[in-house]
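Enquirer: here's a sequence, model it:
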Amino acid sequence: MKEWSRFEQTIIVTNLWYQRQKLGVVAKIPTGTRAVRNYGSTVFVPSEKTGCDFIGHLKGVPVAFDCKSTATKTRFNLFSHNKPTVSPHQKKFLLDFKETGGAAFLLIQFNPLHKVFLLDIEKYMTIESHILSGGGKNIPLSYFVPFEVAEHLYYYDYLEKMESLELISNDKQNIGR
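Expert: Next up is the predicted model:
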């Protein structure tokens, strides 16, 4: 199994755990695919663009987020094959989602370190702008350290990080109100 698939599966398990705990419901947005012939073989490519990978609610707050991963230990590249790693349509969707009252963020996994970081979309945009204005093309790992998500056996507790960053209230009594 590819590292990206493993990361996505872990987030799905995390979301199921949150649902069993009655903390909310977050689902993977299915991406339609179409078959394309490529040098004699068939490959499946996305047929539509989505603004994020997961959407739902936690503790009564709408949440939307996209998952990204990097194969390096020291940085998150802002570009992959000359395209932005976080697409403009994804940034716009997440910013619009946050502007209208939801929590919107990125979960970024550093594969070799088995570490995941949660960056609010506005924080990500600020960091990205700062790096790009200085001529940089990647965000050093040191920028991510304050945003590390705790790992527990089979899941990443991103809700706990959302609470510590005050993206969502940690008062369980406000659920459903």
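Enquirer: for the rest of this, base every contact and every neighbour count on C-alpha atoms.
Expert: Will do.
Enquirer: quick one: average pLDDT of stretch 73-83?
Expert: What stretch 73-83 shows for mean pLDDT is 93.
Enquirer: off-centre distance for it?
Expert: What separates the centre of stretch 73-83 from the centre of its chain is 15 Å, taken as C-alpha atoms, centre = their mean, to the nearest Å.
Enquirer: now do stretch 85-100
Expert: 12 Å.
Enquirer: quick one: contacts of that stretch?
Expert: In this structure, residues lying in contact with stretch 85-100 by C-alpha atoms under 8 Å, 6 or more residues apart in numbering are 50-52, 64-66, 68, 77-79, 103-105, 121-122.
Enquirer: same deal with stretch 71-82?
Expert: 69-70, 84-86, 110-113, 128, 137-141.
Enquirer: beta-bridge partners for residue 57, please?
Expert: Bridge pairing for residue 57 (DSSP bridges) gives the partners residue 25, residue 62.
Enquirer: same question for residue 118.
Expert: With DSSP bridges as the rule, residue 118 is bridged to residue 107.
Enquirer: isn't it right up against residue 145?
Expert: No. Using C-alpha atoms under 8 Å, residue 118 is not in contact with residue 145; the gap is 9.9 Å.
Enquirer: how many neighbours does the nearest residue to residue 157 once chain neighbours are set aside have?
Expert: Of all residues not flanking residue 157 in the chain, residue 150 sits nearest, at 5.6 Å (C-alpha to C-alpha, 6 or more residues apart in numbering). Using other C-alpha atoms under 10 Å, residue 150 has 16 other residues around it.
Enquirer: list the contacts of residue 150.
Expert: Counted by C-alpha under 8 Å, 6+ apart, residue 150 has contacts 116, 156-158, 160-161.
Enquirer: wait, which of these is closest to residue 57?
Expert: For those, the minimum distance to residue 57 (C-alpha to C-alpha) is 12.9 Å, reached by residue 158.
Enquirer: can you flag the buried ones in the contacts of stretch 71-82?
Expert: Neighbour-count burial (16 or more other C-alpha atoms under 10 Å) is assigned, among these, to 69-70, 85-86, 110-111, 128, 137, 139.
Enquirer: out of these, name the ones that lie in helices.
Expert: When the buried ones among the contacts of stretch 71-82 are checked against helices (DSSP state H), the matches are residue 128.
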